[in-house]
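Peer 1: A predicted structure for the sequence below; I have some questions about it.
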Amino acid sequence: MTLERLRIFVAVAERDHVTAAAGALNLTQSAVSNAVAALEAEHDVRLFDRVGRGVVLNETGRAFLPEAKAVLARAAAAEAALADMSALRRGRLAVFASQTIASYWLPRRLVDFHRAYPGVELAVEIGNTREAAQAVLSGAAEIGLVEGAVDEPALSQFQVGSDRLAVLVTPEHPWATRRRLDAKDLAGQPWVLREVGSGTRSTLEAAVRDMGVDPAILSVSMTLPSNEAVLAAAEAGAGATALSESVAYASVAAGRLVTAPFTLPERPFRLLRHRERYRSRAGDVFVEAMG
């Protein structure tokens with residue numbers, strides 16, 4: 001068993017297609033097929049079922065996939081440790097950021113870091129707060145950047161920035177002309193929100209809860225997986241929403257949405273690191289730059 005065969009196996013498993021995996025790995029289709037066949041033959045197992053023109057993980061393959069990913073992650077960690085010895089002339093830093101941070105707060109800071117350390121590859125993935133915390137816990141990312149609260153003793157966290165959410169509606173919405181909204185008023189209209197696990201949604205729910213109102217009163221008519229999708233649905237009149245002021249700035253400036261008179265508290269941006277996993281020099285420098 002070799003790391004290359006494991007890397008090819010994972011690529012095929014994630015795409016359910018040999019040709020797609022070959023393209024992603026810059027290998028020939030035959031090289032990918034042969035590597036998978038060799039892995040199966042070496043251990044006398046079948047990892048995929050051939051279905052039509054594609055392949056699908058079978059039960060054995062599904063059980064093996066997390067083990068293969070763990071080995072590759074550990075190998076990547078070993079390579080990163082060696083790269084550190086080159087005084088940051090090369091290396092790789094995996095960062096997982098939640099959507100608002102990745103789209104509006106982080107890019108300028110990434111550019112500044114890259115200018116200072118051009119040999120360090122920044123591998124940035126984007127998801128919600130829950131996914132970012134899980135990535136740091138599992139070792140898939142060394143650094144997490146989130147907007148929501150994270151209750152996980154294995155992770156250290158400190159504030160690196162902040163923003164504020166706004167309740168947003170169309171100009172025709174009943175709340176658009178109100179002078180004030182109370183927490184109990186929020187139950188009267190449909191809502192379009194981010195998914196459970198996102199920092200944006202958890203911040204709204206925590207704020208409503210702190211005002212003595214159960215967030216379950218919110219009539220959520222639509223749950224969407226990205227800020228952009230939520231914004232488009234709100235502009236189309238699907239309901240009220242709560243998003244970062246940075247996310248909504250252009251829509252409010254253009255008059256497509258207005259800010260309803262309901263003040264939400266400032267929310268911190270937090271940087272997450274595992275308390276016990278290896279901390280690279282690139283990660284340490286990145287943390288200093290974020291501070």
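Peer 2: Alright, I've got the coordinates.

Peer 1: give me the low-pLDDT residue ranges for the stretch 1-150 of the chain?
Peer 2: 85-86 (pLDDT under 70).

Peer 1: for it, just list every one of the strands.
Peer 2: Here the stretch 1-150 of the chain has its strands, by DSSP state E, counting those that start in this stretch, at 48-51, 54-57, 91-98, 120-127, 143-146.

Peer 1: so what strands line up beside the last one?
Peer 2: The strands beside strand 143-146 in its sheet (DSSP bridges) come out as strand 91-98 (parallel), strand 258-274 (antiparallel).

Peer 1: columns distance to Arg115 on top of these, output as CSV?
Peer 2: All C-beta atoms are positioned from the backbone trio N, CA, C, and that covers glycine. Converted to CSV, the strands paired with strand 143-146 look like this (distance: least, C-beta to C-beta, whole Å):
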stretch, distance to Arg115
strand 91-98, 15
strand 258-274, 20
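
Peer 1: of the ones you listed, flag the one that's most buried.
Peer 2: strand 91-98 (a mean of 24; mean count of other C-beta atoms under 10 Å).

Peer 1: for it, list the C-alpha coordinates in PDB.
Peer 2: In PDB, the C-alpha atoms belonging to strand 91-98 read as follows (Å, rounded to 0.1, in the frame of the first residue of the first chain):
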ATOM      1  CA  GLY A  91       4.900  24.800   3.200                       C
ATOM      2  CA  ARG A  92       1.200  24.600   3.400                       C
ATOM      3  CA  LEU A  93      -1.400  25.900   5.800                       C
ATOM      4  CA  ALA A  94      -4.900  24.600   5.800                       C
ATOM      5  CA  VAL A  95      -7.500  27.200   6.900                       C
ATOM      6  CA  PHE A  96     -11.300  26.600   7.200                       C
ATOM      7  CA  ALA A  97     -13.400  29.800   7.400                       C
ATOM      8  CA  SER A  98     -17.100  30.300   7.700                       C
END
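
Peer 1: got a list of contacts for it?
Peer 2: 76, 79-80, 83-84, 106, 119-129, 131-132, 135-136, 140-148, 198-199, 280-283, 286 (C-beta atoms under 8 Å, 6 or more residues apart in numbering).

Peer 1: how about the nearest residue to Leu137 once chain neighbours are set aside, what does it touch?
Peer 2: Of all residues not flanking Leu137 in the chain, Ala154 sits nearest, at 6.2 Å (C-beta to C-beta, 6 or more residues apart in numbering). With contacts defined as C-beta under 8 Å, 6+ apart, the neighbours of Ala154 are Leu137, His274, Arg275, Glu276.

Peer 1: from those, which is closest to Arg89?
Peer 2: Among these, His274 lies closest to Arg89 (C-beta to C-beta), at 25.2 Å.

Peer 1: measure the closest one to Gly127 for me?
Peer 2: 17 Å (C-beta to C-beta, to the nearest Å).

Peer 1: just the buried ones from the contacts of strand 91-98?
Peer 2: With burial judged by 16 or more other C-beta atoms under 10 Å, the buried subset of the contacts of strand 91-98 is 76, 80, 83-84, 106, 120, 122, 124, 126-129, 131-132, 135-136, 140-148, 198-199, 280-283, 286.
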